[in-house]
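>>> Curious how this folds, go ahead:
(2 chains)
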2 protein chains.
Amino acid sequence: MTRVAIFGYGNIGRAAEQAANAAQDVELVGIFHHDELSACLNARPDVVILCLPTRETQHYAITFLEQGISTVDSFDIHTQIYDLRLSLMPYAQQHHAVSIISAGWDPGTDSVIRCLMLAMTPQGGITYTNFGPGRSMGHTVAAKSIPGVKNALAITLPKGQGVHGRHVYIELEEGYRFDDVKYAILHDDYFAHDETQVELVTNVEALNTTQHAVNLVRNGVSGTTCNQQLEWNMCIDNPALTGQILVSTARAAVALTSHGQFGAYTLPEVPPIYLLPGDTEQLIRHIV
Amino acid sequence: MTRVAIFGYGNIGRAAEQAANAAQDVELVGIFHHDELSACLNARPDVVILCLPTRETQHYAITFLEQGISTVDSFDIHTQIYDLRLSLMPYAQQHHAVSIISAGWDPGTDSVIRCLMLAMTPQGGITYTNFGPGRSMGHTVAAKSIPGVKNALAITLPKGQGVHGRHVYIELEEGYRFDDVKYAILHDDYFAHDETQVELVTNVEALNTTQHAVNLVRNGVSGTTCNQQLEWNMCIDNPALTGQILVSTARAAVALTSHGQFGAYTLPEVPPIYLLPGDTEQLIRHIV
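Next up is the predicted model:
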């Protein structure tokens, strides 16, 4: 049994709870809010699944690693992933633990797909990651911060070749004119570079969804042969998938630990078979 | 530099040659027909890329592993992969080498995708691998072996949910009636269970192609959330992709060796990042 604790209990924490309970080889030793650190440490899990806001991940990862407890997280600021890995590495190595970072779907499983695509067609191609249609957390927060916006939802639309459009649905604060607020949104740095539509609605919550989608596509060259067409598509519930991948990754953290491979990893650095439960022989017979 | 030798020089050997020459971190130390074993051993490659008929793979893999030379291959009899891994394991471990087997696209990269799909949606789904349209080597050989068939080409057609149809194009030997030969094909064990069409043509070679395709699809459950839709599509030149994956996998064999992880592996047991050239930091910044 892999003994996991969930630390942080928002959308992702709840999804990780469901995934942990559904896994017969995983024992959920506790769910802890981020002010329950000592209780979580006392539960002595093999792995803590960090379900925190991305910017709080590093601090708590170090705290658990220093106690020799492995961690997994879905840290999602792409430009800071390598630095996070580097900062956790010495703590994981010194305390004989493993930290697998950015283990959601992007970064995460999409990163593994991009890695495979590049290995299959190293030359002459561009890998396009097309997100959506689905809710963008970052753009929703940006729209909500505009003066006059009472509530907002920003949907990311894939326009192909890695270009994205935005549909922003807003409710208006009293005393504001829609045209002024729309102008402010369109000129905000989050939206100024993308094709953006702003629409006034009476009830943003009625439109809300946790559905998301991705289309990852590469048309590259194997050896000297061009036009090798590779494509990955998903249409999924976003927190449910993230929570599930975190639980599967907790298993991989234990596998790496049991092989003495202490350190901090991103998902493409982890043997994919470690994500699955059960016996290697059966897995190879079943999936390879 | 990864020093590779190519052993066997058919379609796959030629494609591996092109992929090795295209890779700046790979040095191709020689290409050897399977009667040039001692010359290949004398070249002292880090890794031998076995481009042999599947049934000859085990014998030569053991021969090279016994000399402490790592191997990669694209052994493709799905039901015998685990046994091949088991048989190579002691030779690889004893002689401090690595053998990565069944490292084409199916088995191979498709196996990694199936592994990821299962990690993302472990419950409530079936993973369907739909091949084609493309040439089936096995069915082509089976059709050619029917008395009265002068030349044949069998195309695999995806019918969805893992069900496949067959289109068989044949040239007829003199003195045979098409209806009799067609009857024999339709009742051959290779074709009797699939929706099969047989067509008489004047020139099979004019139809020949090395193009193939796959559609891998899973609609499963993450935690307790159903309808998580995952899909992988490829439309590719078959030997070019296989040769390329073998060269990328040679790199991974060297990486595992340098970490002292001697043994026999299938592709889902290998960290995907090992398939790529270059510096870990740059790779993580670029693909994760």
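>>> Distance from the chain centre to the helix or strand encompassing residue A:243, please.
Element membership for residue A:243, per DSSP states H and E: helix A:238-258. Chain-centre distance of helix A:238-258: 12 Å, with C-alpha atoms, centre = their mean, to the nearest Å.
>>> got the contact list for the residue of the stretch 51-200 of chain A found nearest chain B?
In the stretch 51-200 of chain A, the residue found nearest to chain B is residue A:119; the distance is 3.7 Å by C-beta to the nearest C-beta. No exception for glycine: its C-beta is placed from N, CA and C like everyone else's. Contacts for residue A:119 were tallied using C-beta atoms under 8 Å, 6 or more residues apart in numbering or on different chains; they are B:109, B:244, B:245, B:248, B:272, B:275, B:276.
>>> okay, now the third one: neighbour count?
Counted with other C-beta atoms under 10 Å in any protein chain shown, the neighbours of residue B:245 add up to 27.
>>> Quick check: it touching residue B:106?
No: with contact defined as C-beta atoms under 8 Å, residue B:245 and residue B:106 do not form a contacting pair (10.4 Å).
>>> list the helices and strands the helix or strand hosting residue A:199 packs on?
Assigned by DSSP H and E, residue A:199 falls within strand A:196-200. Applying 3 or more C-beta pairs under 8 Å, 6 or more residues apart in numbering or on different chains; DSSP states H and E, we find strand A:196-200 packed against strand A:163-172, helix A:178-186.
>>> hmm, back to that, please name the nearest non-neighbouring residue to the residue of the stretch 51-200 of chain A closest to chain B.
Among residues not flanking residue A:119 along the chain, residue B:275 sits closest, at 3.7 Å (C-beta to C-beta, 6 or more residues apart in numbering or on different chains).
>>> do the same with residue A:6
Leaving out its chain neighbours, the residue that sits closest to residue A:6 by C-beta to C-beta, 6+ apart is residue A:31, at 4.5 Å.
>>> Chain B contacts on the stretch 1-150 of chain A?
Residues of the stretch 1-150 of chain A lying close to chain B (C-beta under 8 Å from any C-beta of the partner chain) are A:15-19, A:21-23, A:78-79, A:81-82, A:85, A:102, A:105, A:107, A:109, A:111-116, A:118-123, A:127.
>>> Weed out the non-buried ones from those.
Buried members of those, counted by 16 or more other C-beta atoms under 10 Å in any protein chain shown: A:15-19, A:22-23, A:81-82, A:85, A:102, A:105, A:107, A:109, A:111-116, A:118-123, A:127.
>>> Just to be sure, which of the residues of the stretch 1-150 of chain A next to chain B are found in helices?
In helices, defined here by DSSP state H, the members of these are A:15-19, A:21-22, A:81-82, A:85, A:109, A:111-116, A:118-120.
>>> which residues of chain A fall in strands?
A:2-7, A:26-32, A:47-50, A:70-73, A:98-101, A:127-131, A:134-135, A:149-160, A:163-172, A:196-200, A:211-222, A:225-237, A:263-266 (DSSP state E).
>>> can you list those strands in CSV and add distance to residue B:287 and mean pLDDT?
Below are those laid out as CSV (distance: least, C-beta to C-beta, whole Å; pLDDT from 0 to 100):
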stretch, distance to residue B:287, mean pLDDT
strand A:2-7, 27, 98
strand A:26-32, 29, 98
strand A:47-50, 23, 98
strand A:70-73, 18, 98
strand A:98-101, 14, 98
strand A:127-131, 8, 97
strand A:134-135, 22, 94
strand A:149-160, 19, 96
strand A:163-172, 19, 97
strand A:196-200, 28, 98
strand A:211-222, 11, 97
strand A:225-237, 13, 98
strand A:263-266, 9, 98
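>>> Of all the ones you listed, which one is nearest residue B:195?
strand A:225-237 (26.1 Å; C-beta to C-beta).
>>> which one of the helices and strands packed on strand A:196-200 is the most hemmed in?
Of all these, strand A:163-172 has the most neighbours on average by mean count of other C-beta atoms under 10 Å in any protein chain shown, namely a mean of 19.
>>> Neighbouring strands of that strand in the sheet, and parallel or not?
Take DSSP bridges as the rule and strand A:163-172 pairs in its sheet with strand A:149-160 (antiparallel), strand A:196-200 (parallel).
>>> beta partners for the residue nearest to the spatial centre of chain A?
What sits nearest the mean C-alpha location of chain A, by C-alpha atoms, centre = their mean, is residue A:104, with 3.1 Å. Under DSSP bridges, the beta-bridge partners of residue A:104 are residue A:108.
>>> Right, I'll leave it there.
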